[in-house]
Structures are given as structure tokens and as C-alpha cells.
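Student: Below are the sequence and a predicted model; questions follow.
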Amino acid sequence: MSLGKRDYPDKSDQPIHRSAIQRHSGDIKTTSTGETARIARSGNSTMNKTTAAKIAGFAGALGASATLAAFAVSSTGAYFSDSHTGAINGTMGSIKVAGDGGSGTDHLGIVFADMLPGQPSSQTVGFTNTGRNTEDVYAVFDATALHGLNQLGKYGALSISVGGNNVFDSTNLNDGASCPASDANGPTGCKPLPHQLLLASSLAATGHRDMVVTFTPSDKFKGAALMEQQLVALPYTLVATQHGVSPSDVLNTTPVG
């Protein structure tokens, strides 16, 4: 053995390998020289197909981007929108009332004929909401004639019902200062007919009510001098108003009372 030299096995006894580095789909492979050419050809073919697909996809993406860009340039707006038309209109309503079942032009006349002392007499008239809106309905009595009725005291009894509900009832029609409705001892029994009497509240359009008026002369009426004499003469006006509005309100179309 010579100094300074290392002994190696005879290289002629070892198989000779030449290495080659080949990229194949992103991997590095070391092969013998005998396989280098085949892998190189196979790798080049794979690369060519992959590269071609990527180039085609990229070209397609460029084409789509170019189309969108062209559409954006030619479009009239940058945002989506939709629109439809409408209108705001309005009509006024109405407050109206009509009478029926009674005498006279407005069919509201009530006539008590041939009354007798102590016997009640009843008459019925009706009214209908002929307007388009809900309304209140009042009977407004003539002030002068009303005072005459309210001096009868216990010589007359009056009852008024509407739609089956009693809205006024008195057996002592007295509006004198000496006979208040109540005093320190409680109710006095004096109850004069008021100037305005609410007959119906919030009567709907086309709604109808019957008003029944009953009057009873006292059995205290005696003597031939009273026969065939007029005992009651009380004009009244049927008034319809907007709900909650008094008939005498100055803002009404026709204030009454």
C-alpha cells in the first residue's frame, strides 16, 4: 500500500451510472443514463400539454375580462335598478242624513192625534246615514217652543228611544230655576228636555235607526175646555255631524242651535 493513497475497490467492478436531473410535472428525478432520454421525452410531452392547457385557460380568462370590460364601458349605469310609477289621489267624504216614516217634506214629522189624559201615545220616525263617513246624529229643538214644553212639569211625560235604547225619559218636564235636576237632598225629579239631544253616535254609512217618541198627558188634565186643544208644538231639526262635533259648532257647514 502506498502512503498518501487510499485504497478503493477497482472501479471496473462497479456499474457505471451517469445521473441526469429531469423535471417531471414539478418533481426532480434522478435516473440512469439509459432512461434519461425516455423520461426527458415523456416529461417534455407532459409539460407541453400542461403548459398548453394553462395558456388556453389564461387566454379564455383574458377574453372574458375583455368582454366584461367592454360591457361596462358601453353600459349606461354602474348599478342595477328597477322603477315603477304610481299616483297619489284623494277625494272628500260626506256627512248626510235622511228621514223616513214621518210626515212633511223631510219625513220627520211626528203627530200625536186624539190624545187622552193618562194614556201614552207613540210615534216612530227613522233616519239613515246617506253620506260616506261615520257620523253623529242629533235632534236640535227650537229654543222658544222647548221652554213651553218644559213648563208642563208633571203634567206631561216624555220618552225618546233610538234603536231600542232609551236616550231621554222624564216625568217632570220642568226647566224652572226653582226645580233643578238635583239639590242637597239628591235628585229632584225635574228633568227638562235638553236643547240638543244625541240620538246616535258613530252611525256608519248606510246605517239606519228608528226613533220612537212617546208622550203622555197627565191625568190631571180635566175639563171640557181642554178637549181638542193643541198640547204639544215642538219643531226640531235632525242634524248629522262629524263624530264628536257639536251641531252648533261654527265650523259646521250649517251650524244649528
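Tutor: Happy to help now that I have it. Residues are numbered from 1 along each chain as shown.

Student: Helices along the stretch 51-200 of the chain, start to end?
Tutor: For the stretch 51-200 of the chain, helices defined by DSSP state H, counting those that start in this stretch occupy the ranges 143-149.

Student: what ranges of it fall below the confidence cut-off?
Tutor: 51-77 (pLDDT under 70).

Student: can we see that at 90?
Tutor: Counting by pLDDT under 90, the stretch 51-200 of the chain contains low-confidence ranges at 51-78, 176-189.

Student: So which bits of stretch 139-146 are buried?
Tutor: Neighbour-count burial for stretch 139-146, with 16 or more other C-beta atoms under 10 Å as criterion, is recorded at A139, V140, F141, D142, L146. Glycine gets a C-beta too; all of them are placed from N, C-alpha and C.

Student: Can I get stretch 129-146 as PDB, trimmed to CA atoms?
Tutor: Extracted in PDB, the C-alpha atoms of stretch 129-146 (Å, rounded to 0.1, in the frame of the first residue of the first chain):
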ATOM      1  CA  ASN A 129    -126.800  57.900   7.200                       C
ATOM      2  CA  THR A 130    -126.700  58.600   3.400                       C
ATOM      3  CA  GLY A 131    -123.200  60.000   3.500                       C
ATOM      4  CA  ARG A 132    -119.900  58.200   3.100                       C
ATOM      5  CA  ASN A 133    -118.500  58.700   6.500                       C
ATOM      6  CA  THR A 134    -119.400  57.700  10.100                       C
ATOM      7  CA  GLU A 135    -121.400  60.500  11.800                       C
ATOM      8  CA  ASP A 136    -123.300  61.500  14.900                       C
ATOM      9  CA  VAL A 137    -127.000  62.400  14.700                       C
ATOM     10  CA  TYR A 138    -128.700  64.900  16.900                       C
ATOM     11  CA  ALA A 139    -132.200  66.300  17.400                       C
ATOM     12  CA  VAL A 140    -132.000  70.100  18.000                       C
ATOM     13  CA  PHE A 141    -135.200  71.600  19.400                       C
ATOM     14  CA  ASP A 142    -136.500  75.100  18.800                       C
ATOM     15  CA  ALA A 143    -135.500  77.000  22.000                       C
ATOM     16  CA  THR A 144    -138.700  79.000  22.400                       C
ATOM     17  CA  ALA A 145    -141.000  76.100  21.900                       C
ATOM     18  CA  LEU A 146    -138.800  73.900  24.100                       C
END
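
Student: mind listing what S159 touches?
Tutor: Counting by C-beta atoms under 8 Å, 6 or more residues apart in numbering, S159 touches P120, N166, F168, D169, S170, V213, T214, F215.

Student: for the nearest residue to the first one once chain neighbours are set aside, helix, strand, or coil?
Tutor: If the residues on either side of it in the chain are set aside, P120 comes closest to T216, at 4.2 Å by C-beta to C-beta, 6 or more residues apart in numbering. What DSSP: H, G, I helix; E, B strand; the rest coil gives for T216 is strand.

Student: What separation is there between T216 and P194?
Tutor: For T216, the distance to P194 (C-beta to C-beta, to the nearest Å) stands at 19 Å.

Student: ok, what's across the strand from Q196?
Tutor: Counting by DSSP bridges, Q196 forms beta bridges with V140.

Student: Could you count how many residues lie near it?
Tutor: When counting by other C-beta atoms under 10 Å, one arrives at 15 neighbours for Q196.

Student: Quick check: it touching V140?
Tutor: Yes - the pair Q196 / V140 is scored as a contact, 5.3 Å apart, by C-beta atoms under 8 Å.
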